[in-house]
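[1] Quick one, what's the 3D model for this:
(one chain, ligands or ions: 1)
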Amino acid sequence: MGVFSFFKNKNKQEVILPPFDFGYIEVDMHNHLLPSIDDGAPTMEHTIGMLLKFQELGYKKLVFTPHVMQDCYPNTPEIILEKLNEVKTEIQKLGIKLEVKASAEYNIEDVLMDKIKEKKIIPLPGNYLLFEYSFFSKPQQTENFIFEMIVHGFKPIIAHFERYPYYFNNEQIIKKYKDKGVFIQINLLSIIGHYGPEVQKQVHWMIDNGWVDFVATDCHRIDHLEILQKMSSHPYLHKLKDLDLLNQTFWE
Ligand SMILES: [Fe+2]
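    Sure, this is the predicted structure:
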């Protein structure tokens, strides 16, 4: 695992932290490991490399969540499940000790409404539905989507909440989502600053206030896991242990 690191505590004393044990999280519930159906793993070889790295980091279970986005990645439950089976065959062949399932990361767009109504969705275990917005423009009609998800028996999880610039430092919106029954997921890479200082500031603020339900790698390529491993003694990774994370509780 990663190297030991120093940081200064409130009394300005240097404290040495050991690497964070990712096995504590146990389940990675948002990643792009299924080969060649989105902007994640381009081939099965890449998928296998990432699976081995997850195993090395101490993870036990993974839920694959490829993008479902009409224009770029029009993935259907059939396409996703077929890829899952291909990966399961490789896992067995290679003796990799990971349990795997598949779901998806649904883009909020008009066609999603029909999919929700017709239940053409592969939810995460426990009927959770992971959804994402555009990073560039504030989403419209969010209340309708969330209402429909809940009415149709899904538990909405908003993906990488800390990465939407239009929600930076907005306590009110976080509370509004939580009041409506939306769960909040953050990316581990945000914690160590991979998406820049503003996203990092936002995620630290969310962790300090306990506004986090799920954490995930959102891994698209092996570098993401290597960066996490290298930065694994970051103090805010250790702070995850103070949160009531749901990662371990939702696997059926
Ligand atoms: Fe993602």
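[2] Around the ion, which positions in the stretch 151-252 of the chain sit nearby?
    residue 218 (CB under 5 Å from the ion). No exception for glycine: its C-beta is placed from N, CA and C like everyone else's.
[3] For the stretch 151-252 of the chain, give me the ranges with low pLDDT.
    252 (pLDDT under 70).
[4] How many neighbouring residues does residue 188 have?
    28 (other CB atoms under 10 Å).
[5] and the helix or strand encompassing residue 224, which residues are buried?
    Using DSSP states H and E, residue 224 sits within helix 222-230. The neighbour-count check on helix 222-230 (16 or more other CB atoms under 10 Å) flags 222, 224, 225, 227, 228, 229 as buried.
[6] now the helices for the stretch 151-252 of the chain?
    Along the stretch 151-252 of the chain, counting by DSSP state H, counting those that start in this stretch, helices occupy 171-179, 188-191, 197-208, 222-230, 235-238.
[7] what packs against the helix holding residue 224?
    helix 44-57, helix 188-191 (3 or more CB pairs under 8 Å, 6 or more residues apart in numbering; DSSP states H and E).
[8] residue ranges of the strands in the stretch 101-250 of the chain, please?
    With DSSP state E, counting those that start in this stretch as the criterion, the stretch 101-250 of the chain has strands at 105-107, 128-132, 155-158, 183-187, 214-216.
[9] Make a markdown table out of those strands and add mean neighbour count.
    Listed next are these as a markdown table, based on neighbours: other CB atoms under 10 Å:
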| stretch | mean neighbour count |
| --- | --- |
| strand 105-107 | 24 |
| strand 128-132 | 24 |
| strand 155-158 | 22 |
| strand 183-187 | 23 |
| strand 214-216 | 25 |
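[10] Nearest to residue 29, out of those strands?
    strand 214-216 (5.3 Å; CB to CB).
[11] What pairs with that closest one, parallel or antiparallel?
    The pairing partners recorded for strand 214-216 under DSSP bridges are strand 183-187 (parallel).
[12] What sits closest to residue 29 if chain neighbours are left out?
    Spatial nearest neighbour of residue 29, excluding adjacent residues (CB to CB, 6 or more residues apart in numbering): residue 63 at 4.7 Å.
[13] Can you report phi and psi for the one you found?
    Dihedral angles phi and psi of residue 63 (degrees, to the nearest 10) take the values phi -110, psi 120.
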